[in-house]
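Novice: dropping a prediction and its sequence here:
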Amino acid sequence: MQNLKKRIRNVPDFPKKGIQFKDITTLLSDPASYQRAIDLMAHRHFDKGIDAVVGVEARGFIMGAAMAYKLGTGVLLVRKKGKLPHKTVSVSYALEYGKDQLEIHEDSITPGMRIIVADDVLATGGTMAAVVEMLTSLGARIVECCFLAELTSLDGRSKLKGQKVFSLLKFDD
């Protein structure tokens, strides 16, 4: 895991002063590291009857699509408001300054579907908590919330109580 952690670049003071941004593009651009990360995230689910992987905009699409391919499932997209062309279901969630909305096509989830929700980084957990709320309201059975990396000092797991959470890599800063 240390080799994968080393592939993630730390960018101080981005997007604002005091933030230590974890830039995953350096891991994604290295074929061996990207493949290894996806293999480690997906292979744990081969025998679990997963129906689909949900990718959360935007970097979650990169994780979710690759995991879905490995698992032989479809990938479902959770997008920001107004980006999906058909009828949607939405959920609002709080940001540091204001609110935002996420949407999924209303016909994407059938009750009882076994899904994995994939994203790049678990930070404060607010976005993923909103996604979990939206998907469970549609009847999805969330097998796991799966992340490439987790910023443990921000305690995002606390907003995902009752959910199985997996993070391949953990960072304390």
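Specialist: Okay, I see it. Residues are numbered from 1 along each chain as shown.
Novice: ok, and the closest non-adjacent residue to the residue nearest the centre of the chain?
Specialist: Residue closest to the average C-alpha location in the chain (C-alpha atoms, centre = their mean): residue 119, at 1.6 Å. If the residues on either side of it in the chain are set aside, residue 119 comes closest to residue 60, at 3.8 Å by C-beta to C-beta, 6 or more residues apart in numbering. (C-beta placed from N, C-alpha, C; glycine too.)
Novice: related to what we said a few turns ago, can I assume the residue nearest to the centre of the chain sits in a strand?
Specialist: Yes: under DSSP: H, G, I helix; E, B strand; the rest coil, residue 119 sits within a strand.
Novice: which strand residues bridge it?
Specialist: Going by DSSP bridges, residue 119 is paired in beta bridges with residue 147.
Novice: from residue 72, how far out is it?
Specialist: Look at residue 119 and residue 72: by C-beta to C-beta, to the nearest Å, they are 21 Å apart.
Novice: again with residue 80
Specialist: Note on residue 80: its distance to residue 72, by C-beta to C-beta, is 28 Å.
Novice: the more surrounded of the two?
Specialist: Between residue 80 and residue 72, counting by other C-beta atoms under 10 Å, residue 80 is the more crowded of the two (13 against 8).
Novice: show me the beta-bridge partners of the nearest residue to residue 86 once chain neighbours are set aside.
Specialist: Distances taken as C-beta to C-beta, 6+ apart place residue 105 nearest to residue 86, at 5.1 Å, with adjacent residues excluded. Residues in a beta bridge with residue 105, per DSSP bridges, are residue 88.
Novice: residues making contact with stretch 64-76?
Specialist: Residues from elsewhere that reach stretch 64-76, judged by C-beta atoms under 8 Å, 6 or more residues apart in numbering: 34, 38-39, 41-43, 45-46, 50-56, 61, 77, 104-105, 108-109, 115-116, 118-119, 146.
Novice: alpha carbons of that stretch, as PDB, please.
Specialist: Extracted in PDB, the C-alpha atoms of stretch 64-76 (Å, rounded to 0.1, in the frame of the first residue of the first chain):
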ATOM      1  CA  GLY A  64     -16.700   3.300 -10.400                       C
ATOM      2  CA  ALA A  65     -16.400   2.600 -14.100                       C
ATOM      3  CA  ALA A  66     -13.200   0.600 -13.700                       C
ATOM      4  CA  MET A  67     -14.600  -1.300 -10.800                       C
ATOM      5  CA  ALA A  68     -17.800  -2.100 -12.700                       C
ATOM      6  CA  TYR A  69     -15.800  -3.400 -15.600                       C
ATOM      7  CA  LYS A  70     -13.800  -5.700 -13.300                       C
ATOM      8  CA  LEU A  71     -17.000  -7.000 -11.700                       C
ATOM      9  CA  GLY A  72     -18.900  -7.400 -14.900                       C
ATOM     10  CA  THR A  73     -21.600  -5.000 -13.900                       C
ATOM     11  CA  GLY A  74     -23.000  -1.700 -15.100                       C
ATOM     12  CA  VAL A  75     -22.000   1.600 -13.800                       C
ATOM     13  CA  LEU A  76     -24.600   4.200 -12.600                       C
END
